[in-house]
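Trainee: structure for the following, please:
(chains A and B)
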There are 2 protein chains.
Amino acid sequence: MTSHPFDTALVLTPDFDSVPDQFLGQTSPAWWNMVGPFGGITAAMALNAIMTHPARLGDPVALTVNYSNGLLPGAFKLVATPVRTNRSTQHWVLSLRQADADGVEIVALTGTAITALRRETWSASDLPCPDVPRPETLVRLAPPQSGLAWFSRYDMRSIVGPLPSQWDGGAASSDPQQASLTQLWIRDEPARALDFSSLVAMADGFFPRVWLRRALLVPAGTVSLTVYFHAGPEQLAETGTGFLLAQARGQGYCNGFFDQAGQLWNERGTLLATTHQLVYFKE
Amino acid sequence: MTSHPFDTALVLTPDFDSVPDQFLGQTSPAWWNMVGPFGGITAAMALNAIMTHPARLGDPVALTVNYSNGLLPGAFKLVATPVRTNRSTQHWVLSLRQADADGVEIVALTGTAITALRRETWSASDLPCPDVPRPETLVRLAPPQSGLAWFSRYDMRSIVGPLPSQWDGGAASSDPQQASLTQLWIRDEPARALDFSSLVAMADGFFPRVWLRRALLVPAGTVSLTVYFHAGPEQLAETGTGFLLAQARGQGYCNGFFDQAGQLWNERGTLLATTHQLVYFKE
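Mentor: Numbers count the residues shown, from 1 in each chain, chains lettered A, B, ... in the order given. Here you go, the predicted structure:
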């Protein structure tokens, strides 16, 4: 029996007899980034603990995860606790623990999430889907360097703001609206029907804005990621195995940290999620 | 001895002998909103627990709080735990507990934060400060209705996108860039030098975007608020008691929840913080 690499990475075993709300998991080499797993897969694992928790009420509406320590290859413990359940919303606290290089158990991820029973209301978007070339007309990006396993887990097609081809410190654009803008099509490779967890992973599918903004390959890593969900099961089903249009822009860059704002639409132009992250950088 | 209403609201008494990292506090009538305290003051209290914690490393770079239950008037317990301290960053978990109407202790707020020792790096902004009329040329907003105590704690001066004067369901604007845009000047009243906690409070100083977007006074309340800090002590000192230019726009509105993106600049045009929130609404 074969399984999609995304599903393999998300396998969690309930361990509630040891610790309430605790799941056991394993990092997945197929999703390795430079010095640890791709942050998107770690965030997706955290959400998946909630998705598989027997006490869950409704669908995710907000998720925040903070990366407090790079994950090492191997086992981890993930606790997802529903600390408050109201009539239609439920508040979750997340933590991922792992033994560090010295064998000491440390917190490698903190987080919170909200799930909710949604009711049908007036719905709209103030972020119209950009008018861009269709994915079929664009070529799939080749991995930028060997050894980035996670990059091969996606079919990504650049529209604007690709990874710089020259690290020469040349500014991308003098127009602040364009200077740190990336637009790309992204979908799982092989194709896989979108769910909340894979949407979270793709929300982290951007290289650091500072690389584009400065054309300098400086050390950078996400420290906090937030995803707001504007999709329910209906919008996920409408998306299916299609591409997502993913867009990100840098915002403020100040003394070691910058933030980006991102959006994800499906091929029909439905806004599925908005996302923000704070990124550490060194220059 | 008199104290500024903001400082009075933020008084926390360490209670570490009872519970590690626990502070005791009291809600403040001066900051009351319709059915509980102004969310911004609650977020500021949460950050203040970190700011006054003896183990704190560095300054805040990210804060997320989730409102899991409306606060009742009276006492609360606030726990701010530094769960992971690295060389230059520190990860915090926040929770606020309070007895509910039945006397049962419940979690009324969850959250996470990151503090960091910042190093001087290349810094910039891709969000240029909008060119707007100066605060001196605008009149202070009168409270929209009696009983909103928190509104009187601020000097707010509307630039664009004020609270609708007619709740007639008339669309604000057909331009998505303008439809849910609010720009206003805001500062503490009486004036008070900006610090990280007051910056957080002002990041929540917007009325719900859905009210502007729809010109309908529907029930709405913030469920999750994130603030990314692009300011250190130097930028705070530069701001002093001046106004902040606060801007917010709605993004996605889907089946009971919408999100907004916001920015805060000082009078010199320095970007101090970006902020996002997810808001429950009923229509």
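
Trainee: in the stretch 51-200 of chain A, which spans are strands?
Mentor: A:59-67, A:75-85, A:89-99, A:105-116, A:124-125, A:154-160, A:182-188 (DSSP state E, counting those that start in this stretch).

Trainee: could you give the number of residues near the nearest residue to A:Leu109 once chain neighbours are set aside?
Mentor: Closest residue in space to A:Leu109, ignoring its immediate chain neighbours: A:Leu96 at 3.8 Å, by C-beta to C-beta, 6 or more residues apart in numbering or on different chains. For the C-beta atoms, the positions are set from N, CA and C on the backbone; glycine is no exception. As a burial measure, A:Leu96 scores 26 neighbours (other C-beta atoms under 10 Å in any protein chain shown).

Trainee: bridging residues for A:Leu96?
Mentor: A:Leu78, A:Leu109 (DSSP bridges).

Trainee: what residues does it make contact with?
Mentor: Contact partners of A:Leu96, counting by C-beta atoms under 8 Å, 6 or more residues apart in numbering or on different chains, are A:42, A:45-46, A:71, A:76-79, A:107-109.

Trainee: please repeat the previous calculation with a cut-off of 7 Å.
Mentor: Contacts for A:Leu96 (C-beta atoms under 7 Å, 6 or more residues apart in numbering or on different chains) come out as A:46, A:76, A:78, A:108-109.

Trainee: which of the residues you listed ranks first by neighbour count?
Mentor: Comparing these by number of neighbours (other C-beta under 10 Å), A:Ala46 comes first, having 28 neighbours.

Trainee: just checking, that residue is part of a helix?
Mentor: Yes. The assignment for A:Ala46 is a helix, going by DSSP: H, G, I helix; E, B strand; the rest coil.

Trainee: okay, it and chain B: tell me how far apart.
Mentor: Distance, A:Ala46 to chain B, by C-beta to the nearest C-beta, to the nearest Å: 12 Å.

Trainee: surely that residue meets A:Thr110?
Mentor: No. If you go by C-beta atoms under 7 Å, A:Ala46 and A:Thr110 don't touch, sitting 9.5 Å apart.

Trainee: need the overlap of contacts for those two.
Mentor: Counting by C-beta under 7 Å, 6+ apart, the contacts common to A:Ala46 and A:Thr110 are A:Leu94.

Trainee: in chain A, where is pLDDT below threshold?
Mentor: Within chain A, the segments meeting pLDDT under 70 span A:1, A:144-146, A:171-172.

Trainee: redo the strands of the stretch 51-200 of chain A as TSV? Include distance to B:Phe16.
Mentor: Formatted as TSV, those follow (distance: least, C-beta to C-beta, whole Å):
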stretch	distance to B:Phe16
strand A:59-67	24
strand A:75-85	22
strand A:89-99	21
strand A:105-116	20
strand A:124-125	47
strand A:154-160	47
strand A:182-188	46
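
Trainee: out of these, deepest packed?
Mentor: Among these, the stretch with the highest mean neighbour count (mean count of other C-beta atoms under 10 Å in any protein chain shown) is strand A:59-67, at a mean of 27.

Trainee: residue contacts, whichever residue of the stretch 101-250 of chain A sits closest to chain B?
Mentor: At 3.5 Å from chain B, A:His230 is the closest residue in the stretch 101-250 of chain A, using C-beta to the nearest C-beta. Contacts for A:His230 (C-beta under 7 Å, 6+ apart) come out as A:271-274, B:252, B:254.

Trainee: can you tell me which of the contacts of A:Leu96 lies nearest to B:Thr52?
Mentor: A:Leu109 (25.8 Å; C-beta to C-beta).

Trainee: surely A:Thr27 and A:Gly70 touch.
Mentor: No. Here A:Thr27 does not reach A:Gly70: they are 10.7 Å apart, not a contact under C-beta under 7 Å.

Trainee: burial count for the residue lying closest to A:Glu120 once chain neighbours are set aside?
Mentor: Using C-beta to C-beta, 6+ apart and skipping residues adjacent in sequence, the residue nearest A:Glu120 is B:Asn255, 5.7 Å away. When neighbours are counted by other C-beta under 10 Å, B:Asn255 registers 21.

Trainee: doesn't A:Pro233 make contact with B:Asn255?
Mentor: No. Shown here, B:Asn255 and A:Pro233 do not form a contact pair, counting by C-beta under 7 Å, at 10.8 Å.

Trainee: could I get the contacts of A:His230 as a markdown table with distance to B:Leu244?
Mentor: Shown next, in a markdown table, are the contacts of A:His230 (distance: C-beta to C-beta, whole Å):
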| residue | distance to B:Leu244 |
| --- | --- |
| A:Leu271 | 29 |
| A:Leu272 | 32 |
| A:Ala273 | 29 |
| A:Thr274 | 23 |
| B:Gly252 | 26 |
| B:Cys254 | 30 |
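
Trainee: alright, I will stop here.
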